[in-house]
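Chemist: Could you work out the structure for the sequence below:
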Amino acid sequence: MTQLTKHFSEEEFACKCKCGKGLISQELVNKLEEVRVKFGKVMRVTSGVRCLEHNLDIGSRKTSSHIPNEDGIGRAADISCRDIITRSELLPLMLEEFERVGINKTFIHVDVDYKKHSGVFVY
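Modeler: Now for the predicted structure:
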């Protein structure tokens, strides 16, 4: 298991279909590490890099920041967040580190895809 930061490993961000395609942005992982340290609790990555095939299989778009771009780097992660208390604690910390944050009832999406508009969006 390759550690990317104190609290996150490379395997946590790997495509769930186990294809081995793409790497995760170190910038993204470093920002998540900052959030994790401030949060002081475990943060479970539910999705990191996704190959195009897996991304389409789960119903996501071809423009997803999870898909590795031309340099082979995925720039997005989803962090499990299933209740209002956790969301209330985690969301302000995410907004301190990330310019793009998406909110879903079961996860918080963050990315470092600077080609896209910054802000907060909902699923």
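
Chemist: ok, which stretches of the chain are strands?
Modeler: For the chain, the strands defined by DSSP state E occupy 23-24, 45-47, 73-74, 76-80, 100-103, 107-111, 119-122.

Chemist: Could I get the ones you listed in TSV, plus columns for mean pLDDT, distance to S9 and mean neighbour count?
Modeler: No exception for glycine: its C-beta is placed from N, CA and C like everyone else's. As requested, the strands of the chain are arranged in TSV below (pLDDT from 0 to 100; distance: least, Cβ to Cβ, whole Å; neighbours: other Cβ atoms under 10 Å):
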stretch	mean pLDDT	distance to S9	mean neighbour count
strand 23-24	97	10	20
strand 45-47	98	9	19
strand 73-74	97	15	22
strand 76-80	98	13	22
strand 100-103	98	23	18
strand 107-111	98	18	23
strand 119-122	97	28	11
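
Chemist: so which of those gets nearest L90?
Modeler: Closest approach to L90 among those (Cβ to Cβ): strand 107-111, 6.2 Å.

Chemist: helices or strands up against the closest one?
Modeler: helix 26-39, strand 76-80, helix 84-97, strand 100-103 (3 or more Cβ pairs under 8 Å, 6 or more residues apart in numbering; DSSP states H and E).

Chemist: my guess is L23 contacts G48, does it?
Modeler: No - using Cβ atoms under 8 Å, L23 makes no contact with G48, being 9.5 Å away.
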